[in-house]
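# Kindly generate the corresponding structure for this input.
(one chain, ligands or ions: 1)
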Amino acid sequence: MSATPLPAPAPRPGEPAGTAEPLPLVVRTTRIDGLPDGPTALLDLLPDTRPLAWVRRGDGIVGWGEALRLETDGPGRFADAESAWQATLARAVVRDDVRLPGTGPVAFGTFAFDDDGGYEDHFTDDALRGRRAGTLVVPRVVVGRRGDVAWMTTIRPAGALDVAPGAAALARTRRTPVTGPGTVTFTDGAVAAQDWPALVGEAVDRIRAGELEKVVLARDVVATAEHPVDARHLLTRLADAYEACWTFSVGGMVGATPELLVRSEKGLVTSRVLAGTIRREPGMSDDDALLHAAQLARSSKDLEEHEYAVASVARALQHYCTSMNVPDAPFVLHLPNVMHLASDVTGVLDRSGLYNGGRPPSSLALAAALHPSAAVCGTPTVAARELIREIEGMDRSRYAGPVGWVGSDGDGEWGIALRSAELSDDDPRHVRLFAGCGIVAASDPAAELAESEAKLQPMRWALGS
Ligand SMILES: C=C(O[C@H]1C=CC=C(C(=O)O)[C@@H]1O)C(=O)O
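Model prediction:
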């Protein structure tokens, strides 16, 4: 694990370079007025370098700059990130005049789907590190909105130039115009689209043979753009068109996910569980959409897929809650490209600290406990993860891992990084798009390929000029 404050702290007298502890962070939050309304108003503030975002229906937080970056990896990536964050907070000097979720110190995070093992035959050491990584980024500036209240937070290592938060500081932020990617070509990722149904067929055989009940298999597509891909171009298009989703950007993972792994706010825990999908054709009438929704709600194959996902979330959350509400039946979530079976599971957080050395679990700890749910892995979890490692043949990296933010009181929101793309560090014109499908005994490989195409649609569209 490593913590990288920017700028690097100077060694104290007599101390060798590189061993100094990160300097304490100085954090100030102030209310700001005059932020325009609209689903992209926060995103429109972002500069082009490493934008950070978690926005839905115009509310949320965006950030830029790096006051601190915490890098972890392997099976301990969540716990190590949590303790590094707690250590950072313990030394921070905070003045928060707003006191809402997302004000004060905030870290944005993205975590790899998998943590370990089984890949050595397929991937190089470098690729393995990416697969296992976890990152928390504490921005220099955060701007947020919740309903009528907007705020700005500045975060700096003690001793760095003090920038008072407020409208004047916001106006001074240097922003280059958002650029489009130009012409974009798409090619097969690790597994060619035409070969993918055979993998689904293999999974169906293994399920029918009784090895497991459900597995989620994914595929990737590589996009190559004429110009460097500006994450802000993707973010604003997604936030405009997919308003029911959480539009995110952290560490080069960009997307609009409909699935909330966990929100923890003032003792109330919520998880939006999705599994079970039907495609929505472009131009479909409202009447046809309702017929499709009814078909989805009656589909025993989709209801089975959904039940496994809800059970996995309920099972993981029950250890942390004093009471829970798990809906008996799902509702149908309508998105522009697909409809999903959806269940909002809620619980009251056990604040006794019984399970966590006297402290209630943070939203990050809850995300760690819930990951990977059966919406992205399968049932039983271990068998499904093994089968994914064995047959998927793809580096999931941070696709289907938790992405979101955590605040100083532990409250925060973590989505599952779906309907997402990974921007390349090496070549800004390259982007990897991902989509996966839950497979059960009744799954049809050709239909799953069509479903994965529908799930790729938001990112393909966002890359349009
Ligand atoms: C794994 C993905 O979707 C999950 C979430 C909703 C519906 C799903 C399904 O019906 O298969 C998947 O469980 C993805 O979009 O890449």
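# where does the stretch 251-400 of the chain have low pLDDT?
353-357 (pLDDT under 70).
# Those residues of it touching the ligand, which are they?
259, 274, 275, 276, 277, 305, 340, 375, 376 (C-beta under 6 Å from any ligand atom). Bear in mind the C-beta positions are built from the backbone N, C-alpha and C, glycine included.
# Mind checking which of those are in helices?
With DSSP state H as the criterion, helices contain residue 305 from among these.
# mind listing what's buried in stretch 410-423?
Residues of stretch 410-423 classed as buried: 410-423 (neighbour count, 16 or more other C-beta atoms under 10 Å).
# how deep is the closest residue to residue 40 other than its chain neighbours tucked in, by neighbour count?
Of all residues not flanking residue 40 in the chain, residue 236 sits nearest, at 4.6 Å (C-beta to C-beta, 6 or more residues apart in numbering). For residue 236, the count of nearby residues is 21 (other C-beta atoms under 10 Å).
# Residue 236 contacts residue 38, doesn't it?
No. If you go by C-beta atoms under 8 Å, residue 236 and residue 38 don't touch, sitting 10.2 Å apart.
# how about CSV for the residues of the stretch 251-400 of the chain next to the ligand, with neighbour count added?
Below are these laid out as CSV (neighbours: other C-beta atoms under 10 Å):
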residue, neighbour count
259, 24
274, 27
275, 29
276, 25
277, 26
305, 28
340, 24
375, 30
376, 27
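# Residue 197 versus the residue lying closest to residue 415 once chain neighbours are set aside, what's the distance?
Once flanking residues are discounted, residue 415 sits nearest to residue 257: 4.3 Å by C-beta to C-beta, 6+ apart. To residue 197, residue 257 is 25 Å away according to C-beta to C-beta, to the nearest Å.
# Of those two, which one has the most company?
Remark: of residue 257 and residue 197, residue 257 carries more neighbours, 25 against 17, as counted by other C-beta under 10 Å.
# Pairing partners for that one in the sheet, please.
residue 246 (DSSP bridges).
# residues contacting it?
245, 246, 248, 403, 415, 416, 417, 418, 419, 420 (C-beta atoms under 8 Å, 6 or more residues apart in numbering).
# OK, contacts around the residue lying closest to the first one once chain neighbours are set aside?
Same thing as residue 245. The shortest distance from residue 245 to any non-neighbouring residue, by C-beta to C-beta, 6+ apart, is to residue 256 (3.9 Å). Shown in contact with residue 256 (C-beta under 8 Å, 6+ apart): 238, 239, 242, 245, 246, 247, 248, 419, 458, 462.
# Closest one to the ligand out of those, please.
residue 419 (5.8 Å; C-beta to the nearest ligand atom).
# Surely the closest one is in contact with residue 458?
Yes. Using C-beta under 8 Å, residue 419 is in contact with residue 458, at 4.8 Å.
# residues shared between the contacts of the two?
Each of 242, 255, 256 lies in contact with both residue 419 and residue 458 under the rule C-beta under 8 Å, 6+ apart.
# Which positions in the stretch 101-250 of the chain make contact with the ligand?
Going by C-beta under 6 Å from any ligand atom, the residues of the stretch 101-250 of the chain near the ligand are 216, 218.
# how about low-confidence regions in the stretch 51-200 of the chain?
116-131.
# all helices of the stretch 301-450 of the chain, in order?
363-370, 381-387, 445-462 (DSSP state H, counting those that start in this stretch).
# let me fix that: the stretch 51-200 of the chain
77-91, 125-132, 167-171, 196-208.
# Let's have those in a markdown table, adding distance to residue 105.
Formatted as a markdown table, these follow (distance: least, C-beta to C-beta, whole Å):
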| stretch | distance to residue 105 |
| --- | --- |
| helix 77-91 | 6 |
| helix 125-132 | 26 |
| helix 167-171 | 17 |
| helix 196-208 | 43 |
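# nearest to residue 159, of those helices?
Closest to residue 159 of the helices of the stretch 51-200 of the chain is helix 77-91 (C-beta to C-beta; 13.2 Å).
# Looks like residue 151 contacts residue 31 (just checking).
Yes. Using C-beta under 8 Å, residue 151 is in contact with residue 31, at 5.3 Å.
# about what we covered before: what about the buried residues of stretch 410-423, which are in strands?
412, 413, 414, 415, 416, 420, 421, 422, 423 (DSSP state E).
# Tabulate the residues you listed (JSON lines), appending pLDDT.
Converted to JSON lines, these look like this (pLDDT from 0 to 100):
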{"residue": "412", "pLDDT": "98"}
{"residue": "413", "pLDDT": "98"}
{"residue": "414", "pLDDT": "98"}
{"residue": "415", "pLDDT": "98"}
{"residue": "416", "pLDDT": "98"}
{"residue": "420", "pLDDT": "97"}
{"residue": "421", "pLDDT": "97"}
{"residue": "422", "pLDDT": "96"}
{"residue": "423", "pLDDT": "95"}
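# returning to that earlier point: could you dump the residues of the stretch 251-400 of the chain next to the ligand into CSV with distance to residue 293 added?
Formatted as CSV, those follow (distance: C-beta to C-beta, whole Å):
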residue, distance to residue 293
259, 18
274, 14
275, 16
276, 11
277, 12
305, 16
340, 10
375, 19
376, 23
